[in-house]
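Asks: The following comprises the amino acid sequence and a computationally predicted model.
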Amino acid sequence: MVAGRSSPDKVQAIDIVVVADTEAEFAGFMARSAPALARTAWLLCGDTHQAEELVQQALMKTYLAWPKARQGEPLAYARRVLANLRIDRWRRRRREVLMASDALPDRTDTGQSPADQHAERDRLTRALLLPTKQRRIVVLRHLEGLTEREVADAVGVSVGTVKSTASRGITRLREVLEAEDAAGTS
């Protein structure tokens, strides 16, 4: 063996440790981020099964690009992949059907009864029958709490477009929800 060079066995052992550390790191990220990604996916497409498939595909693509994704904000990277996958699917189908979900992944326990939670979820689902672009921006901005810049990056539009589209979407949501409230009290 030449001085200053390592043996092939040592190089292979180091490679295996690095791969194991990377996989463990990604597994931790996946465990922490999957519920948030599932909720975002459902809000983007309105169907539990499609949302699960989107999350799996987004996590797979994020894993394949893990060295790049982990340099910045991995969750933002995964959300961007998720949004892009949804856009790709929408472009292929060119139509969309928002379906009620029996099990929307919730962020926290709200203290409401299951019936009240279901009624509120149903009300929100019907109100979110916005055009695709508006719904995507409203969901990311107001339900997921992303900044205007993060939404612009995730959707691939300017910050100004996010502001105007979110404003029109929120106005439309208010109109729909106020109309429902007025119809419910009459």
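Replies: On my side now, so go ahead. Every value quoted in this text rests on a predicted model; they were computed, and no experiment measured them.

Asks: alpha carbons only for contacts and neighbour counts from here, please
Replies: Fine.

Asks: any low-confidence regions in this structure?
Replies: 1-20, 92-111, 184-186 (pLDDT under 70).

Asks: ranges for the helices of it?
Replies: Secondary structure of the chain by DSSP state H: the helices cover 8-45, 48-64, 66-69, 74-93, 114-127, 132-138, 148-155, 159-185.

Asks: Serialize these to TSV and add fields for mean neighbour count.
Replies: What follows is these, written out as TSV (neighbours: other CA atoms under 10 Å):
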stretch	mean neighbour count
helix 8-45	15
helix 48-64	19
helix 66-69	16
helix 74-93	18
helix 114-127	14
helix 132-138	22
helix 148-155	20
helix 159-185	15
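
Asks: Break the protein down into its structural domains.
Replies: What automatic domain parsing lists as the domains of the chain is 10-93, 114-186.

Asks: Next one: the residue nearest in space to the middle of the chain from residue 68, what distance?
Replies: The residue lying closest to the centre of the chain (CA atoms, centre = their mean) is residue 40, at 3.5 Å. According to CA to CA, to the nearest Å, residue 40 stands 22 Å off from residue 68.

Asks: same check, this time on residue 144
Replies: According to CA to CA, residue 144 and residue 68 sit 23 Å apart.

Asks: what do you get for residue 171?
Replies: Applying CA to CA to residue 171 and residue 68 gives a distance of 38 Å.

Asks: quick one on the thing from earlier: dump the residue contacts of the residue nearest to the centre of the chain.
Replies: Going by CA atoms under 8 Å, 6 or more residues apart in numbering, residue 40 touches 139, 140, 144.

Asks: Could you do residue 55 as well?
Replies: 34, 37, 38, 41, 82 are the contacts of residue 55 under CA under 8 Å, 6+ apart.

Asks: which ones are touching the nearest residue to the fourth one once chain neighbours are set aside?
Replies: To tie it back to what came earlier, the one meant is residue 41. The shortest distance from residue 41 to any residue other than its chain neighbours is 4.8 Å, reached at residue 51 (CA to CA, 6 or more residues apart in numbering). By CA under 8 Å, 6+ apart, the contact set of residue 51 is 38, 41, 42, 45.

Asks: close enough to count as contact, the second one and residue 82?
Replies: Yes: at 7.0 Å, residue 41 counts as touching residue 82 under the criterion of CA atoms under 8 Å.

Asks: what sits in contact with each of those two?
Replies: The contact lists of residue 41 and residue 82 share 54, 55, where a contact means CA under 8 Å, 6+ apart.
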